[in-house]
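Participant: test case, fold it:
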Amino acid sequence: MKIKNIKEIKATIVIKTGLHIGGSNDEIKIGGIDNPVIKNPLNNEPYIPGSSLKGKIRSLLEWQTGTMTSDGKPADVTKNSSNETKIIAKLFGNGSTIKDNNLAKEIGPTRVSFADCNLKNKDKLLEKNALTEEKIEVTINRLTGSVGGGGPRHMERVPSGAEFNFSVSLIEFEDDKENFEAILALGLKLLELTNLGGSGSRGYGKIEFKDFENLNKDYLKDGKLIKFEELKQKAGI
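Facilitator: Residues are numbered from 1 along each chain as shown. Sure, this is the predicted structure:
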């Protein structure tokens, strides 16, 4: 395989509703945060791990193509050699050792590389005196409508309005026949339509991409991704 091009696609991720991607809390203080967000240990600023983006986008595309396994594990091209499974494996990697030399050669190396996303508008957030927010949650008894046990929980979130620098590198090989850029754009749109991070069913993690750089203009309108149906048609999956 010979590399034809490596394209770095950039954008801004806008947090529309509070985002929680969990970090660690080695010291739990009384009245403190139970569930902190992940932060850069050098500056204590929240960030979005590239692994979180890659994992969620891959899962969404597997659901879209019907290749997600019944137990919720990533599609394994060594067990399912459908065209859709091969496309996912080529783009994101297979995640297991391929012993069949011909299949390994066909799949090749992972074509996308997601970077960690650093905070972009720190000064704007600091005007509100905090880079994160605390949200207190309680459990509601669905039969009585009253507050139940198991709470309150103190959740830390990145607030609505925060922005992060997004970057993903896409490798194009001379022998590639698939439109991987369109498939990647479809994955980004699926992420916009669902959520990033935890507690999505409770309204967390709605995001939006804007101000794209180096993404095919056929997938954009006014700097934002076009409609899902249009991207699905262009991606061919």
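
Participant: what about this structure, any weak spots by pLDDT?
Facilitator: Residues of the chain that meet the criterion pLDDT under 70 lie in 23-34, 95-97, 138-151.

Participant: just the helices in it please.
Facilitator: Counting by DSSP state H, the chain has helices at residues 50-65, 83-92, 101-107, 122-126, 180-193, 228-235.

Participant: these: which one's closest to Lys7?
Facilitator: Nearest to Lys7 among the helices of the chain is helix 180-193; the distance by C-beta to C-beta comes to 7.3 Å. The way it works is simple: take the backbone N, C-alpha and C, and place the C-beta from them, glycine included.

Participant: max-length strand in this protein?
Facilitator: strand 3-15 (DSSP state E).

Participant: packing partners for that strand?
Facilitator: Judged by 3 or more C-beta pairs under 8 Å, 6 or more residues apart in numbering; DSSP states H and E, strand 3-15 is in contact with strand 163-173, helix 180-193, strand 207-213.

Participant: each with direction, which strands does it pair with?
Facilitator: Its sheet considered, strand 3-15 pairs with strand 163-173 (antiparallel), strand 207-213 (antiparallel) by DSSP bridges.

Participant: residue nearest the centroid of the chain?
Facilitator: Centroid-nearest residue in the chain, with C-alpha atoms, centre = their mean: Leu53, separated by 2.5 Å.

Participant: now it, nearest residue through space, not along the chain?
Facilitator: Phe114 (4.8 Å; C-beta to C-beta, 6 or more residues apart in numbering).

Participant: partner residues bridging that neighbour?
Facilitator: Beta-bridge partners of Phe114, as defined by DSSP bridges: Val168.

Participant: likewise Glu133?
Facilitator: In this entry, Glu133 is beta-bridged to Arg157, by DSSP bridges.
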